[in-house]
Each structure stands twice: as C-alpha cells, then as structure tokens.
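> no sequence on hand, only this structure:
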C-alpha cells in the first residue's frame, strides 16, 4: 500500500504542497494560513492516514520530534512502567519515544547512544549503568539535551530526577522494626550504583537508630546479571540457618529481586509473614495478588515520567539558554500490606 505524501494531500485539496507542509509542521500561524484551511489540511491528513517521515522532517525543521529513552533493565517491572509513563507524557507534546534497554551494560549503552545519535533524536532520557560516566560527560560536552532518571553521577553536573532512596529505605526498615523484627536482611545490587548505595545506607541507619548493630552477613549484594540461582542462594543463606541467626525479615531493593525472592521463600515451604516478613521497593502488580500482599515502597512513576519529559522538552525548545541544572528528589510512599504482619 502506497504511503500518503504531502503531495497527495495537496492534490486532494487543490493547494500547494508548501502550504500543506507549513500546516503539518505547526507553522500555519507563522505564515498567516487561515484557521479553516489549516483545520481542513489536518482533517484530510488524518483521513488519508498521513505518517510524517521523522528524519526528513528533522532536516527541514531541525527537530525529529523523537526522544531516546535508555532504561537500565526492561525485565525490571519498575522500568517497564516508567517507560510507559514517559511515552504517554511525550505524546502530549507530539513526541515519539525510541526505547532501549542497556541491561546495566555500559558497552551496550554506548552503542545505543550512538544509534540514537544516528537517528537524530532531539534529546535523551537515560538511566545510566555503572561505568558509563564518560558517555554522559560526552553528551554534556556536546551540549546535547539529556536528563538522568533513577540514578545519577554525583561528580557530573547534569539534570536528574531521583527519589529519596535513603529516606525510603530508612522508613521501610523502621516499619519492620516496629513490627518486632530484629534480624532484618537486605538483598540489593551493586553498591556502586548511587541509588542502591543510598538504600543500603538508609537500611543501616534505621537499624543503628534503633540500637541494633548492623550484621554484614544479613546484607546480600547480587551482580547486575542476577537470576533465580543468585536470589535462591541469598535466600537460603539468610533463612536456612539453624543457629538462631537466620533473618526474620527481608528488605528487597528492587522488585525484580523481590519477585524472585518471594518465589524462593514459597519454594522453601516458608510462609510470609509468619516465618519471614517482607518489604520491597517498587509496587509491582504481582505483589498485590500474593497470598500475603506485599508491603512496598511506592515510587511516583507518573511524576518522574512527567518531570523528565518536561525538563527535556525545555532543553530542546530553548537550547541556547545557559545551563540551569535541575536536581529533583521526590518522596516515596510506604504502602503497608500483610507481608509485614501488620
């Protein structure tokens, strides 16, 4: 089926293709094209299912109306939901989103940034993997619009949107302590990630604030490429002890780890919260339908997505403005359910 062109619309209406081009590129008022004819052009474009060529459009206008989104791990429900929020917000600005998942791999992230540059995206929203500092520095040096989400590099000046991870973990751990739990474990990922480090620090300070010494044996740090075997090993070490030193509660630092962990707890024949209480970061859908629905640290995904798009749109539309870096830290919500014995 032949793709509808600007020429097809112009012939159908009996007007010039230049007029049609101005209307479709949002420049009708600039060239004093009447509202009636502009509305008619848009109506016919919809009827004929006109789909603009974003690359060609970018050559004419300097913008492709696309944003490159590089998330850390598409298998993590948190990033899947966040990507949807970003896509929906971008659509309100008539922008499309090109999705990439770095899988926490800096080399993959490097290749994806290069691919997106070839696609002439107007800006980037990035959840950067560890060891990708140089990639971010190059974007900043090239004055390319970008904003970081979920994590950032403290030594690099940039716009970023994160949650208060320290406070969130502190409150989650304090809630477990309030339920009478004293041997609270933390299963997390590589602590070189600023968000994971802050969550672990919040967990530790909550224990110390309640006069409970931090037991490093109760902290399990998984590799980026963790799978069920890694999580199972951590759970067995935490809950298989027979010397009275096993954990009576677990704080999962991501929902990907948490879902695997709860499956493992069930496979061991243990019950939540009778045998072990559970809290997890991120409000995964699976947590609501567990036998004991899971207490979670809910992150404001809609606000993160909306704010990220608003920042990148401002940088795209006003590229000559002096750098005004925005460092946004949002609050989380502890959503209490049965998994803590509350």
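Perfect, thanks for sending it. Small disclaimer: the values here were computed from a predicted structure and weren't measured.
> tell me the spacing between residue 275 and residue 218.
Noted for residue 275: a distance of 16 Å to residue 218, by CB to CB, to the nearest Å. Backbone N, C-alpha and C define where each C-beta goes, glycine included.
> so for the two, which residue has more residues nearby?
Comparing residue 275 with residue 218 by other CB atoms under 10 Å, the one with more neighbours is residue 218, at 21 against 14.
> for the more buried one, which non-adjacent residue is closest in space?
residue 185 (4.2 Å; CB to CB, 6 or more residues apart in numbering).
> count the neighbours of that neighbour for me.
25.
> residue 17 now?
If we define neighbours as other CB under 10 Å, then residue 17 has 14 of them.
> give me the pLDDT value at residue 81.
pLDDT recorded at residue 81 is 92.
> what residues are up against it?
Counting by CB atoms under 8 Å, 6 or more residues apart in numbering, residue 81 touches residue 301.
> let's verify it: helix, strand, or coil?
helix (DSSP: H, G, I helix; E, B strand; the rest coil).
> next: the one 5 residues further on.
Counting by three-state DSSP, the backbone at residue 86 sits in helix.
> find the nearest non-adjacent residue to it, please.
residue 305 (4.3 Å).
> same thing with residue 115?
Excluding the flanking residues, the one nearest residue 115 by CB to CB, 6+ apart is residue 100, at 7.7 Å.
> pull out the buried positions in the helix or strand hosting the one you found.
Using DSSP states H and E, residue 100 falls within strand 96-101. Neighbour-count burial for strand 96-101, with 16 or more other CB atoms under 10 Å as criterion, is recorded at 97-98, 100-101.
> ok, these vs residue 245, which is closest?
In terms of CB to CB, no member of the buried residues of strand 96-101 lies closer to residue 245 than residue 101, at 38.5 Å.
> okay, that closest one: pLDDT?
94.
> quick one: residues contacting it.
In this structure, residue 101 makes contact with 70-74, 79, judged by CB under 8 Å, 6+ apart.
> ok, now with 7 Å
71, 73-74 (CB atoms under 7 Å, 6 or more residues apart in numbering).
> again, but for residue 252
Residue 252 is in contact with 187, 258, 261, 280-281, counting by CB under 7 Å, 6+ apart.
> does the residue nearest to residue 86 really touch residue 83, like I thought?
No. Between residue 305 and residue 83 there is no contact under CB atoms under 7 Å: 8.2 Å.
> so for these two, which sits in the more crowded spot?
residue 305 (24 against 20).
> element containing that one, please.
Assigned by DSSP H and E, residue 305 belongs to helix 301-317.
> and the contacts of the next helix or strand after the strand holding residue 100?
Using DSSP H and E, the helix or strand that follows strand 96-101 in sequence is helix 106-118. Here helix 106-118 makes contact (CB under 7 Å, 6+ apart) with 68, 70, 98, 100, 102, 124, 128-132, 135.
> change it to 6 Å
68, 70, 100, 102, 129, 131-132, 135 (CB atoms under 6 Å, 6 or more residues apart in numbering).
> can you point out the buried residues in it?
So for helix 106-118, counting by 16+ other CB under 10 Å, buried means 106, 108-110, 112-113, 116.
> quick check: the farthest pair among those residues?
Most distant of these, by CB to CB, are 106 and 116, 15.4 Å apart.
> where does the residue lying closest to residue 213 once chain neighbours are set aside land in three-state SS?
Leaving aside its sequence neighbours, residue 213 sits nearest to residue 207 (CB to CB, 6+ apart; 7.3 Å). At residue 207 the chain is in helix, as set by three-state DSSP.
> same check, this time on the one 4 residues further on
Three-state call for residue 211 (three-state DSSP): coil.
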